[in-house]
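Enquirer: what would the 3D arrangement of this be:
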Amino acid sequence: MILADVRHRLTRDDAQLAMRLISRGDDRELQQCEDALRERGIDALLEDPRLMPALLAAPQGALASYPLFAYVAVRHALHEVGEENRGLADYMAAILIAFGDKGRAERVAPSDDEHYDTLAALAQDVDDADARRSLLVRAHLGNYALWLAGLFPDFIERRRWRKGGPDLEYYDEMGKRGFQLAADHRLAEQHGLSALYAMAALRFEVMRAALNNVSDRLLFPNVHTPERLMRQVATGFRLQ
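Expert: Sure, this is the predicted structure:
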């Protein structure tokens with residue numbers, strides 16, 4: 001089960017690197033970072049607007065751990081689209097880290113033998129007789145929709161225009177459905193996940209838009225197509 005726990009995985013080394021990147025070798029800035037860390041915790045560093053540009057531009061940025069980079073990229077992308085919920089940033093970063101393992105995006109759990117390559121196939125199993133697997137399938141429907149529509153929107157739009165595939169709105173609806181079904185599951189309440197899933201269902205389009213920005217800028221920065229432009233304009237209108 002994917003949990004919103006990336007911030008808790010960050011280490012002292014992550015905090016030290018963040019301070020060095022923000023301070024850029026300035027002793028006064030470094031002292032201010034240390035004061036902020038002591039007084040406000042690591043969020044004072046993670047949410048500093050200078051950190052993300054430094055991770056990308058400074059040579060030391062290449063030393064960042066995957067949890068640090070993933071969380072900061074998502075947190076700053078969410079901020080750009082007006083979302084300040086740290087729990088959502090934590091959960092989205094956890095999805096990126098988990099699905100980075102080969103084949104993990106197509107399975108509801110690392111040990112699960114079933115592979116899913118469509119959202120429709122997942123939707124058929126949301127009422128699995130095994131209660132735990134039912135929850136995993138429901139959450140995975142949301143996770144997988146967010147992963148695909150968030151990081152690979154150009155592929156989805158290109159397939160829609162050329163082969164009549166489903167549009168991004170379909171992924172939004174399926175993702176919201178998955179998270180809401182997960183929120184309503186009795187085991188989600190027992191695990192303390194109902195509120196997180198409900199928020200993910202409510203803010204799915206915002207989460208997807210944030211990941212679209214991560215994809216456009218970091219994964220596929222040199223794509224300039226009419227499909228991308230139309231998608232960006234349409235997303236902007238929906239978020240207004």
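
Enquirer: and the pLDDT at the most centrally placed residue in the chain?
Expert: Using Cα atoms, centre = their mean, the residue of the chain that lies closest to the mean C-alpha position is residue 92, 2.7 Å off. Reported pLDDT at residue 92 in the predicted model: 98.

Enquirer: what's the distance between the nearest residue to it once chain neighbours are set aside and residue 59?
Expert: Of all residues not flanking residue 92 in the chain, residue 74 sits nearest, at 4.7 Å (Cβ to Cβ, 6 or more residues apart in numbering). All C-beta atoms are positioned from the backbone trio N, CA, C, and that covers glycine. For residue 74, the distance to residue 59 equals 23 Å [Cβ to Cβ, to the nearest Å].

Enquirer: mind checking which of the two has more residues around it?
Expert: Neighbour count, other Cβ atoms under 10 Å: between residue 74 and residue 59, residue 74 has more, with 26 against 6.

Enquirer: got the domain ranges for this protein?
Expert: Domain assignment of the chain by automatic domain parsing yields the ranges 1-100, 106-240.

Enquirer: what's stretch 38-53 in contact with?
Expert: For stretch 38-53, the surrounding residues in contact (Cβ atoms under 8 Å, 6 or more residues apart in numbering) are 7, 10, 14-15, 18-19, 21-22, 33, 36-37, 71-73, 75-76, 79, 86.

Enquirer: give me that answer again for 10 Å
Expert: Stretch 38-53 is contacted from outside by 7-8, 10, 12, 14-19, 21-24, 29, 32-37, 54, 61, 64, 68-69, 71-73, 75-77, 79, 84, 86, 89, using Cβ atoms under 10 Å, 6 or more residues apart in numbering.

Enquirer: what residue ranges in the chain are flagged as low confidence?
Expert: The chain contains residues with pLDDT under 70 at 240.

Enquirer: can you name the next helix or strand after the lengthiest helix in it?
Expert: Ranked by residue count, the top helix of the chain under DSSP state H comes out as helix 131-151. The C-terminal neighbour of helix 131-151 among helices and strands, as given by DSSP states H and E, is helix 153-163.

Enquirer: quick one: buried residues of that following helix?
Expert: Buried residues in helix 153-163, defined by neighbour count with 16 or more other Cβ atoms under 10 Å: 153, 154, 156, 157, 158, 160.
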